[in-house]
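Peer 1: Here you go, sequence then predicted model.
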Amino acid sequence: MKIKFVPKNIEVDIESNKSVLEISRELGFNIQSSCNGMCSCGDCRVFVKEGGANLLLPSNKELKLIGQGHYLDQRRLACQLYCFGNVVIDLSEQEDRFNQGKISQQFLKKAQKQSPEEAYSKSDILIEDDEDIKKIKSKEIDNFKE
């Protein structure tokens, strides 16, 4: 089995137990994924140019993020693409987004999760560890007492 990434025109042999996102990261390609492949952000959309029949159908979780439009535009989430045959993936949109500066590497490092439970937010503020949560909770308790 092979995946060909365009416009880079790089073709690689693949293992069926790795997602397109994992394979592309191993090759050093810039595919945005603020959820780090947990299927919760929808940032890693790519175009499937050829070989769509060699991919599993989208799961309900993926469909909630991308909707039914993927049947029209052939866009799927790279974190959910596991191949069992030859596929051609177009990374043009991801490269354009990266090159136009729409992706902040600093933000992505802070926002990437290792598990769904790892990151929390409070009033749109990313909370990275339990100590931050304790500080916010103690402030809420103090404000409630006043």
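Peer 2: That came through fine. Residues are numbered from 1 along each chain as shown.
Peer 1: quick one, helices of the protein?
Peer 2: 20-26, 60-66, 70-73, 92-99, 105-111, 130-145 (DSSP state H).
Peer 1: pLDDT on the first one, on average?
Peer 2: It stands for helix 20-26. If you average the pLDDT over helix 20-26, you get 92.
Peer 1: Looks like residue 52 contacts residue 74 (just checking).
Peer 2: Yes. Counting by Cβ atoms under 8 Å, residue 52 touches residue 74, with 6.2 Å between them. C-beta: built from backbone N, CA, C; applies to glycine.
Peer 1: From residue 13, how far off is residue 62?
Peer 2: Residue 62 sits 25 Å away from residue 13, taking Cβ to Cβ, to the nearest Å as the criterion.
Peer 1: Any idea how many residues pack against residue 60?
Peer 2: Residues near residue 60, counting by other Cβ atoms under 10 Å, number 6.
Peer 1: What of residue 72?
Peer 2: Other residues near residue 72 come to 8 when the count uses other Cβ under 10 Å.
Peer 1: Which pLDDT value belongs to it?
Peer 2: 81.
Peer 1: One more: the one 5 residues further on?
Peer 2: The confidence metric pLDDT takes the value 94 at residue 77.
Peer 1: Beta-bridge partners for it, please?
Peer 2: residue 45 (DSSP bridges).
Peer 1: contacting residues for it?
Peer 2: 21, 39, 42, 44-46, 58, 62, 65-66 (Cβ atoms under 8 Å, 6 or more residues apart in numbering).
Peer 1: before we move on, what about residue 84?
Peer 2: 1, 16, 54-56.
Peer 1: Just the buried ones among the residues you listed, please.
Peer 2: Using 16 or more other Cβ atoms under 10 Å as the burial test, the contacts of residue 84 include 54-55 as buried.
Peer 1: Closest one of the contacts of residue 84 to residue 81?
Peer 2: Comparing the contacts of residue 84 against residue 81 with Cβ to Cβ places residue 55 closest, at 5.7 Å.
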